[in-house]
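Engineer: Let's see this in three dimensions:
(chains A and B)
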2 protein chains.
Amino acid sequence: MKSALKIAIAGLGTVGGGTLQLLERQAETIALRAGRRIVVGAVSARDRRRDRGVNLSAVRWYDDPVTMAADPEIDILVELIGGSSGVALDVIDTALAHKKHVVTANKALMAEHGTRLAEQAEAAGVTLAFEAAVAGGIPIIKTLRESLAGNRLSRVYGILNGTCNYILTTMRESGREFGEVLGEAQKLGYAEADPSFDIDGVDAAHKLAILASVAFGRPVDLAGVYTEGIRHISRLDIDFAEELGYRIKLLGIARLTDHGLEQRVHPCMVKRGTPIAAVEGVFNAVVAEGDFVGRVVLEGRGAGAFPTASSVASDLVDIAAGRQVAPFGVPAAGLAATPGAAMEYHEGAYYIRLMVVDQPGVIADIAAALRDERVSMEAMIQRGRAPGEAVPIVLTTHGSVEAAMRRALDRIAALDSVLESPRMIRIEDF
Amino acid sequence: MKSALKIAIAGLGTVGGGTLQLLERQAETIALRAGRRIVVGAVSARDRRRDRGVNLSAVRWYDDPVTMAADPEIDILVELIGGSSGVALDVIDTALAHKKHVVTANKALMAEHGTRLAEQAEAAGVTLAFEAAVAGGIPIIKTLRESLAGNRLSRVYGILNGTCNYILTTMRESGREFGEVLGEAQKLGYAEADPSFDIDGVDAAHKLAILASVAFGRPVDLAGVYTEGIRHISRLDIDFAEELGYRIKLLGIARLTDHGLEQRVHPCMVKRGTPIAAVEGVFNAVVAEGDFVGRVVLEGRGAGAFPTASSVASDLVDIAAGRQVAPFGVPAAGLAATPGAAMEYHEGAYYIRLMVVDQPGVIADIAAALRDERVSMEAMIQRGRAPGEAVPIVLTTHGSVEAAMRRALDRIAALDSVLESPRMIRIEDF
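Structural biologist: So this is what the prediction gives:
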């Protein structure tokens, strides 16, 4: 057997602790699979005294992870600090500069600096691996990059944020409103004290940008991801979705269109009975559609210490076994500059909910606005009757262009009989 | 870029044709991902004249695939002939003897000779790859072998035969009986003229034996797979399953128990609402449960020219890129001889359907037989009343030992008031 591979772990929070435990518990099986032992040679974290469930007495402890990243004893730097810049980035830059392999679970950092770091890793002849950065324990990066290598993908989409999926699932099951369920999720530890990163879709956008880069072989383009969160989803919309045969999910979608690559994160209505609609609670799922493989669905735990550690370990074993692959599947110079498609060009069906005064002529005004913008209505539901009072009206459209839909909505919003801002949720066809 | 890698394809049937088309259509993207071109240098098939959708005029044609396997110009032999012995085995043996990498889609052959061939490949320093042998386009071999390398798996199970899943799905949806739906499946090309390989569970058993070997790092043990097909499933059982909240699926299950590794293929009752219950028609799905990753589900097309070609291509790209891995994830010498658990030790819940004469005392006799064997009843349904005539009775049990269940069934079958052989379907808890 070859000599042991020495790794350094920067950051011993939830995922770092899980990784330490995994490497200890599975040391034998990993050595067998990798052809050599993987040994933790150094660690760096803020709090030395916290119990992480493993004995670290023989491990070198660094106060400064950047110094650790330059340690000549170390073969692989595992970055589990988090944050898109600052220390995490310094650590990775230093490790690559010293020709060390890097394994990271840092989606924000990969979404913002992934292309540059991939170039650096390639120039240094080392691996930059990030299976743990997207969808926790689901091996979606390796699947897209290696298992589907013989395919041209047309669409990759998924439930990429467990917090949002938990909130939407619980709203539907419990009949409660967004704010209340969010508060409960925070108490249960499923949502952060400042939840905006999750519920505004930022976290999902980071993951989607990385997925799109691997799936379509183009530089990471976080700025090109249209992002909308779930704050505006109400019980009423969830009930209407059920009535219409849909579930509401926050999806990240990357899709090749005639206008270029669409990248978008927003709530979607998806047909009940599709695999993605059945993914509930904190689970994540990713679907890839390829010209040869057809549709492949991967589902599993999208977060948590142990599932994420499983992905970190997978990257470590590949490196230890000498299996090299370009970070995004193709050499950095081969990343094609497929243009991004602006959201105005998006074509799809729409769900629109309006609160209107129940009086003659309202529907005619709304229908006229849609007709003028060439948006074709598919169905309309008016729930209840209350002459002169506010009632909800729900419309669904046939495939329409986003820009036209938005113009129509502006006109509708300006009608006297329309009382609140129209709510719009895109219907995704799978 | 490195020099092109030359492959030879033995067998140009459905999968062979699909592979040729894939390699032609995706030549550029594959070259980019693999770091070198993959070129078809030689082929061998029975019929030279059939149109396979690609131009083979520049390709060397062999009448004898075994001679082709020794061609010094060839780097990889792709075996797509099929059959567990005969020519297919000769081809692979010859290729390995000449130190050529082998890619195969042949599940029967891998299930019967996988361990020996892995040893041969290892001794020759070449790769033996078989992603296409299990579950078509679903990348389950690579996932178990590489992505879940940091896990101890406790159970791997799945819908591994699309023909059976199509028949069971259609029986439920159409309300028709097994024989009729099988006939239709044959007309549609979803079932062979001689369907026994599929419907008796043999095909699923091959795939399960391979999966179990990769998942649990033990030699392939086809003889250790308990196998039962779907011929005895009737409409009545499907209706009762619905009533009890279950779906009937033919599953392959490998599970670590106190008695060793269970390997079994049989119809199962699975709770509606579980991911596996939702997999319908010709789709396949595989679920892996690991101590760190938790539950991971992969779903996709389990057969067909293009999905299977996608898996062949994935293996080819890995080889071309120089990414080596032991066929079963660990060196042949490291395959542990985990003992197999005999089916008599299986513990689980059971669904039992009886046709009985509707008369006083029948239930008491049945209950006594179960009690004597310490099988604990969970529920009982008697559908309808017809004094003195035949009525179905359905029982479900709590967790019981298979041997005891069988003894109880033998006693029940011998009762005068029990008219047909009892039907038994195992209930699987996910």
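
Engineer: Now do whatever residue of the stretch 301-430 of chain A ends up closest to chain B against residue B:218, distance only.
Structural biologist: With Cβ to the nearest Cβ, the shortest gap between the stretch 301-430 of chain A and chain B falls at residue A:313, namely 2.7 Å. The way it works is simple: take the backbone N, C-alpha and C, and place the C-beta from them, glycine included. Distance of residue A:313 to residue B:218, computed by Cβ to Cβ, to the nearest Å: 21 Å.

Engineer: The two: which is more packed in?
Structural biologist: Taking neighbours as other Cβ atoms under 10 Å in any protein chain shown, residue A:313 and residue B:218 compare with residue A:313 leading, 29 against 23.

Engineer: Let me see the mean pLDDT of the helix or strand hosting residue A:312.
Structural biologist: Counting by DSSP states H and E, the element that carries residue A:312 is helix A:305-320. Mean pLDDT, helix A:305-320: 98.

Engineer: That helix: what's the following helix or strand?
Structural biologist: Heading C-terminal from helix A:305-320 (DSSP H and E), you reach strand A:347-357.

Engineer: and that following strand, how far from the chain's centre?
Structural biologist: 26 Å (Cα atoms, centre = their mean, to the nearest Å).

Engineer: chain center to the following helix or strand past it, what's the gap?
Structural biologist: With elements assigned by DSSP H and E, the helix or strand that comes after strand A:347-357 is helix A:362-372. Offset of helix A:362-372 from its chain centre (Cα atoms, centre = their mean): 37 Å.

Engineer: Can you give me the buried ones in helix A:362-372?
Structural biologist: A:362, A:366, A:369-370 (16 or more other Cβ atoms under 10 Å in any protein chain shown).

Engineer: Please identify which pair of the residues you listed lies farthest apart.
Structural biologist: Within these, two members stand farthest from each other by Cβ to Cβ: A:362 and A:370, at 13.0 Å.

Engineer: for the lowest-mean-pLDDT helix or strand in chain A, the distance to its chain's centre please.
Structural biologist: In chain A, no helix or strand scores lower on mean pLDDT, DSSP states H and E than strand A:377-382, which sits at a mean of 91. Centre-to-centre, strand A:377-382 and its host chain are 32 Å apart (Cα atoms, centre = their mean).

Engineer: residue contacts, residue A:405?
Structural biologist: By Cβ atoms under 8 Å, 6 or more residues apart in numbering or on different chains, the contact set of residue A:405 is A:350, A:373, A:375, A:397, A:424.

Engineer: Residue A:259 too?
Structural biologist: Contacts for residue A:259 were tallied using Cβ under 8 Å, 6+ apart; they are A:339, A:341-342, A:345.

Engineer: what about residue A:347, how many neighbours?
Structural biologist: With other Cβ under 10 Å as criterion, residue A:347 counts 15.

Engineer: Need the pLDDT of it.
Structural biologist: 97.

Engineer: Just confirm it contacts residue A:404, I think it does.
Structural biologist: No. Judged on Cβ atoms under 8 Å, residue A:347 makes no contact with residue A:404 at a distance of 9.6 Å.

Engineer: And residue A:264, which helix or strand is it part of?
Structural biologist: strand A:260-271.

Engineer: Okay then, goodbye and thanks.
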